[in-house]
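> Show me the folded form of this:
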Amino acid sequence: MPNLPADRNGALAAHEPQFKALFPAKREAIPRVRGRLRARLEEDDLGSIADDVVLICTELMANAILHGCIGFPPGITIKLTVEWSDAQLRVDVRDPSVVRP
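I've put the predicted structure just below:
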């Protein structure tokens, strides 16, 4: 059972339908994030769409590293957020660039 935060009364908080990762802007970081995302999706019974979601996120993370981090010093990070509900799934990838993709 995952560690869930407790509220002031010690009750377990509701399981959030999301995945967040902050990772170094290096291609080597992508497989680790991808594996954690897949596990999180499967944990919420979303294994049937996990391949597609992981593929989309992998492409977006790679694009952020290759295009959104040009000219920035080493140590820059990228943020991946995936949120879902019964009706939709939203992916957000943030890199340090101010240039829109």
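> What is the neighbour count of A29?
Each residue near A29 was counted by other Cβ atoms under 10 Å, and the total is 16. Where you see a C-beta, it was placed from the backbone N, CA and C, and this is true even at glycine.
> For the most centrally placed residue in the chain, which residues are in contact?
Taking Cα atoms, centre = their mean, the centroid of the chain lies closest to L80, which sits 3.6 Å from it. Counting by Cβ atoms under 8 Å, 6 or more residues apart in numbering, L80 touches 19-23, 33, 37, 57, 60-61, 91-93.
> Also R27?
Counting by Cβ under 8 Å, 6+ apart, R27 has contacts 62, 65.
> Quick check, pLDDT for it.
Looking at R27, its pLDDT reads 94.
> now swap in I78 and tell me
96.
> pretty sure it is touching C69, no?
Yes. With contact defined as Cβ atoms under 8 Å, I78 and C69 form a contacting pair (7.4 Å).
> Pick out whichever of the two has more residues nearby.
More crowded of I78 and C69, by other Cβ under 10 Å: I78, with 23 against 19.
> and the more buried one, what is it in contact with?
I78 sits in contact with 22-25, 61, 64-65, 68-69, 93-95, where contact means Cβ under 8 Å, 6+ apart.
> Show only the entries of the contacts of L80 found in strands.
Using DSSP state E, the subset of the contacts of L80 located in strands is 19-23, 91-93.
> Nearest to L46 among those residues?
F19 (10.2 Å; Cβ to Cβ).
> who's the closest one bridged to?
V82 (DSSP bridges).
> ok, it - contacts?
By Cβ under 8 Å, 6+ apart, the neighbours of F19 are 36-37, 40-41, 80-83.
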